[in-house]
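**Student:** Provide a 3D model corresponding to the input given below.
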Amino acid sequence: MTTPSSTADVAPAVIARATEDGRRARRDRNRDAVVDAMLELYIEGNYVPSSDEIAVRAGLSPRSLFRYFDDLDDLVRAAISRQHSRVRPAIDIDIAGDAPLADRVAALIRQRLGLFDAISSVGVVSRLREPFQPLIAAELMRGRRFLRHQIERLFAAELTAAGAQRGARMLAAADVLCSFESWQLLRNDQQLSRDDAAATLNDGVMAVMQVTREGEPQR
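**Tutor:** All right, here's what the predicted structure looks like:
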């Protein structure tokens, strides 16, 4: 049986734990609000927002912003990590490796365009920050390696048939063609429409993968 004295002893601990849980939940909400504010500013084209701009968008005071992050670099890493988590469903390519070449190329281009749309401005920011933040550089390197391995698996038959040396060049060419950087050049520098840019990538990858061991186009 619980005695009055033991109940009195337990109550302060329960209250203290509830108070701490409330503080933690409030901290998590505010931290999420800051990250969401950062991502919204990126989407609007503000790739280097000030701490005041971020705090105002998050509904917090500028002074309170760094209760949740060590500095702006820490916040940038959190924002990029959040967006990468959101785009994971766009990473998979839903097609068999023995499907016709044209179908596999089309599936790859669809997947990359969906992925590039999903990362959008965060893709730009991460590349701007890459030379200055080793953690972001390492994350980009892992991502690029994963996407390159996707191409290698998807076109294993063509790359193997071409031989080791030519196959390596084919893989490198397809990897560059299907990169975020290439997509940005096609859309922003060359001002191609989304459909024309996609068709350009499709034609490029098809041309690369139709090369045989001797370097002659497949018939």
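
**Student:** ok, which stretches of the protein are helices?
**Tutor:** 4-43, 51-58, 72-87, 101-129, 134-154, 156-162, 164-177, 180-184, 194-209 (DSSP state H).

**Student:** what lies in contact with stretch 112-124?
**Tutor:** Identification of contacts with stretch 112-124 by Cβ atoms under 8 Å, 6 or more residues apart in numbering yields 39, 42-43, 45, 47, 79-80, 83-84, 86-87, 90-91, 147, 178, 180, 183-184, 194, 198, 201. Every C-beta, even on glycine, is put in place using the N, C-alpha and C of the backbone.

**Student:** one more pass at 6 Å, please.
**Tutor:** 42-43, 80, 83, 87, 90, 178, 180, 183, 198 (Cβ atoms under 6 Å, 6 or more residues apart in numbering).

**Student:** still on that earlier bit, so which of the helices of the chain gets nearest residue 66?
**Tutor:** helix 51-58 (7.6 Å; Cβ to Cβ).

**Student:** could you give the angle of that closest one to helix 72-87?
**Tutor:** 40 degrees (axes from the mean of the first three to the mean of the last three Cα atoms, to 10 degrees).

**Student:** what are the buried residues along helix 51-58?
**Tutor:** Across helix 51-58, burial judged by 16 or more other Cβ atoms under 10 Å covers 51, 54-55, 57-58.

**Student:** try stretch 39-51
**Tutor:** Applying 16+ other Cβ under 10 Å to stretch 39-51 flags 39-42, 46, 49, 51 as buried.

**Student:** could the helices of the chain go into a markdown table alongside distance to residue 64?
**Tutor:** Converted to a markdown table, the helices of the chain look like this (distance: least, Cβ to Cβ, whole Å):
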| stretch | distance to residue 64 |
| --- | --- |
| helix 4-43 | 8 |
| helix 51-58 | 7 |
| helix 72-87 | 13 |
| helix 101-129 | 23 |
| helix 134-154 | 25 |
| helix 156-162 | 53 |
| helix 164-177 | 44 |
| helix 180-184 | 34 |
| helix 194-209 | 41 |
